[in-house]
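Novice: Task: produce atomic coordinates for the following.
(chains A and B)
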2 protein chains.
Amino acid sequence: MTGNRQFLLVRRPQGAPVPEDFRLVDTPIPTPPPGGFIVRNRFASLDPAQRGWMDDAESYMPPIPLGDPVRATTVGTVHASDNPDFQPGQWVLGVNALEDYSIALPGGFTMPIDVGLVPSPSNFLSVLGAVGLTSYFGLLDMAKPQPGETLLVSGAAGAVGSVVGQLGKIAGCRVIGIAGGADKCRRLIEDYGFDVAIDYKGKTVAALSAEIAAAAPDGANIVFENVGGDVMDAELLNLALNARVVLCGLISEYNAPEKIGIRNLWEVIARQATIHGFLIAAYVDRFGEGAAAMAQWVADGKLRMDEDIQEGLEHAYPAFMRLFSGANTGKLVLKIG
Amino acid sequence: MTGNRQFLLVRRPQGAPVPEDFRLVDTPIPTPPPGGFIVRNRFASLDPAQRGWMDDAESYMPPIPLGDPVRATTVGTVHASDNPDFQPGQWVLGVNALEDYSIALPGGFTMPIDVGLVPSPSNFLSVLGAVGLTSYFGLLDMAKPQPGETLLVSGAAGAVGSVVGQLGKIAGCRVIGIAGGADKCRRLIEDYGFDVAIDYKGKTVAALSAEIAAAAPDGANIVFENVGGDVMDAELLNLALNARVVLCGLISEYNAPEKIGIRNLWEVIARQATIHGFLIAAYVDRFGEGAAAMAQWVADGKLRMDEDIQEGLEHAYPAFMRLFSGANTGKLVLKIG
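Specialist: Predicted coordinates:
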């Protein structure tokens, strides 16, 4: 009989995380606190945001304390409960951690979910989860795409980017995706219906900018930014007048010891553009609306999100690092038990 | 009898302009084209934007052709006319050049002005001109300041910044200005009524950020940005939730051979902030509304804009360079004749 394996953060990473920053330990299965319950985690979401939580810097979430398991959104079942609203076996979604069992305190944010709505419970971490809703609210609410506009998406083959592109097509936009490598670019066209795919790898800012300009001679009305750095600098050289830039992520710099930033800020003035910093946390009270719309598009065959499911807590480190190597194809999920 | 002295751009500056990039020549006074007229320029506006027009790069205005006089907004009188709507002696405002006499073509943008409204015709280049209206629309229309909000202004002792701060006070904000040197900081408090003045000179991003944090412990709701680079990076570390950044200018990088850009872009996401690229050109059809409001505040003693009036076309180069050395105090104007 096993206990509770926990994937702990034991040292704050300097740049890219290394295996020594973490430790897998085996601890006793916890018992429910008064009014709370225990979640048997089944699937955990692996996201770039977790890298930020590993730093000792206050952001929109507090840092993960050293010695604690790595915080993660998980889907699981109630294992034991002192709360009549959460009976054992009930499927739930919540912010827990990379561990077999998590303690859910009374009044916490763990919520029941109906896994019968979707082919796999893991879908609540992808298309119906924070990542799918990031695409939904980031594009549709913040940028308000209009038919005939040009949408430029970076990190386009990633979980957020691939859905943003599909939602852009549903909204009637011409959609250009930027991704790394020929295989990802092929998937943008064949799997996600992008109009144009541009491979950024091995290109200078000037060369990438020229490719974007060829694909979008009148500039981009909307830029959905997941990458930052040189890719964003090339995009900024191709803004249409009054362009809206949704700043959703900066994956290129999360592991960089020195932040790269952007240099072509002048273009934001010259094109009278707007950059909107986007956090899905601001939309929590509208998750129901977003999930319902997304579920309908999935059911209609208009929207897909691939899941890259890695197996086992003992492989948490290499699984997490797939986010940064460009190896993952679709929403990265760790299957725990 | 003199002719028409013209201050020509003869070479595109690399970084900071040098005297050899320009030449002062004497040419015949032009005669009115059919339907047009000749403006005797009296005052010319010297602005950071002119540095951008000297580069061979398309922006919101075309580059100044090599061999042409340096483009400038001027106030002057009609010297000779083939247009019955513009009689000799009439005061006018328009985009002309650093020269004694400019040709106004029919259908151009030169407009009559009533110099009786203000103490000096040069005021149409400062508080009632594009620079005053930049402050007006940039702050009041784009950022919509609310009473009790904290407004952070960079380049605060400059023409735009000093008016932004005063408008912020009129709107009921707590106003913090960032400027270079003790004398400018003293003027922020004594002349313009800022609540706090911070001297950025000789400080790291971390040190400047700490000073801003001490003055604005809850962060800035509005940042009015004229500077860019390290100053902006320090400001970005002090954003309140949902902060609005009005990106009006980037004076720190206009002469830089390599753009500096910003590195703390993540803060824009974490604070769900918005960066608005601002060009006064978008508000041309509302200039009348803005100038009327500004004239009233000036008349009521609530608003002042200092003018730094330099004399003589023969001193155009050192006068222009005052923009970048930090030597100018107030709106820089060249008195031509």
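Novice: Can you pull the poorly scored residue ranges out of the stretch 201-337 of chain A?
Specialist: Applying pLDDT under 70 to the stretch 201-337 of chain A flags no residue at all.
Novice: Tell me where it has strands.
Specialist: Here the stretch 201-337 of chain A has its strands, by DSSP state E, counting those that start in this stretch, at A:220-225, A:239-247, A:274-277, A:307-311, A:331-335.
Novice: Which elements pack onto the shortest one?
Specialist: Packed against strand A:274-277 by the contact rule (3 or more Cβ pairs under 8 Å, 6 or more residues apart in numbering or on different chains; DSSP states H and E) you find strand A:239-247, helix B:266-270, strand B:274-277. C-beta coordinates here come from the backbone N, C-alpha and C atoms, glycine included.
Novice: again, 10 Å this time
Specialist: For strand A:274-277, the packing partners by 3 or more Cβ pairs under 10 Å, 6 or more residues apart in numbering or on different chains; DSSP states H and E come out as strand A:220-225, strand A:239-247, strand B:239-247, helix B:266-270, strand B:274-277.
Novice: Provide the secondary structure category for residue A:168.
Specialist: The three-state label given to residue A:168 by DSSP: H, G, I helix; E, B strand; the rest coil is helix.
Novice: Save the strands of the stretch 201-337 of chain A as JSON lines, and put in mean neighbour count too.
Specialist: Shown next, in JSON lines, are these (neighbours: other Cβ atoms under 10 Å in any protein chain shown):
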{"stretch": "strand A:220-225", "mean neighbour count": "28"}
{"stretch": "strand A:239-247", "mean neighbour count": "22"}
{"stretch": "strand A:274-277", "mean neighbour count": "23"}
{"stretch": "strand A:307-311", "mean neighbour count": "16"}
{"stretch": "strand A:331-335", "mean neighbour count": "24"}
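Novice: between the ones you listed, which gets nearest to residue B:310?
Specialist: Nearest to residue B:310, of all these, is strand A:239-247, at 35.0 Å by Cβ to Cβ.
Novice: The closest one vs strand A:220-225, what angle?
Specialist: On the basis of axes from the mean of the first three to the mean of the last three Cα atoms, to 10 degrees, strand A:239-247 is oriented at 20 degrees to strand A:220-225.
Novice: Kindly export strand A:239-247 (C-alpha atoms) in PDB.
Specialist: Output in PDB follows, covering the C-alpha atoms of strand A:239-247 (Å, rounded to 0.1, in the frame of the first residue of the first chain):
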ATOM      1  CA  LEU A 239       0.800  46.500 -36.300                       C
ATOM      2  CA  ALA A 240      -2.200  47.900 -38.100                       C
ATOM      3  CA  LEU A 241      -3.500  51.300 -36.900                       C
ATOM      4  CA  ASN A 242      -5.200  50.900 -33.600                       C
ATOM      5  CA  ALA A 243      -4.000  47.400 -33.200                       C
ATOM      6  CA  ARG A 244      -4.900  45.500 -30.000                       C
ATOM      7  CA  VAL A 245      -2.200  43.400 -28.400                       C
ATOM      8  CA  VAL A 246      -3.400  40.900 -25.800                       C
ATOM      9  CA  LEU A 247      -0.400  40.200 -23.600                       C
END
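Novice: in its sheet, what does that strand sit against?
Specialist: When pairing is defined by DSSP bridges, strand A:239-247 lines up against strand A:220-225 (parallel), strand A:274-277 (parallel).
Novice: ok so, going back, for the strands of the stretch 201-337 of chain A, give me TSV that also has distance to residue A:21.
Specialist: Below are those laid out as TSV (distance: least, Cβ to Cβ, whole Å):
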stretch	distance to residue A:21
strand A:220-225	28
strand A:239-247	28
strand A:274-277	28
strand A:307-311	18
strand A:331-335	17
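Novice: Those: which one's closest to residue B:179?
Specialist: Going by Cβ to Cβ, the one of these nearest residue B:179 is strand A:274-277, 25.5 Å.
Novice: Contacts for the closest one next, please.
Specialist: A:138, A:142-143, A:223, A:225, A:232, A:236, A:242-248, A:262, A:265, A:268, B:142, B:239, B:242-245, B:247, B:265-278 (Cβ atoms under 10 Å, 6 or more residues apart in numbering or on different chains).
Novice: now the helices and strands packed on strand A:274-277 as JSON lines including distance to residue A:254?
Specialist: What follows is those, written out as JSON lines (distance: least, Cβ to Cβ, whole Å):
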{"stretch": "strand A:220-225", "distance to residue A:254": "14"}
{"stretch": "strand A:239-247", "distance to residue A:254": "14"}
{"stretch": "strand B:239-247", "distance to residue A:254": "19"}
{"stretch": "helix B:266-270", "distance to residue A:254": "9"}
{"stretch": "strand B:274-277", "distance to residue A:254": "20"}
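Novice: mind checking which of those is nearest residue A:9?
Specialist: helix B:266-270 (20.0 Å).
Novice: Just list what that closest one packs against, helices and strands only.
Specialist: helix A:48-53, strand A:239-247, strand A:274-277, helix B:229-236, strand B:239-247.
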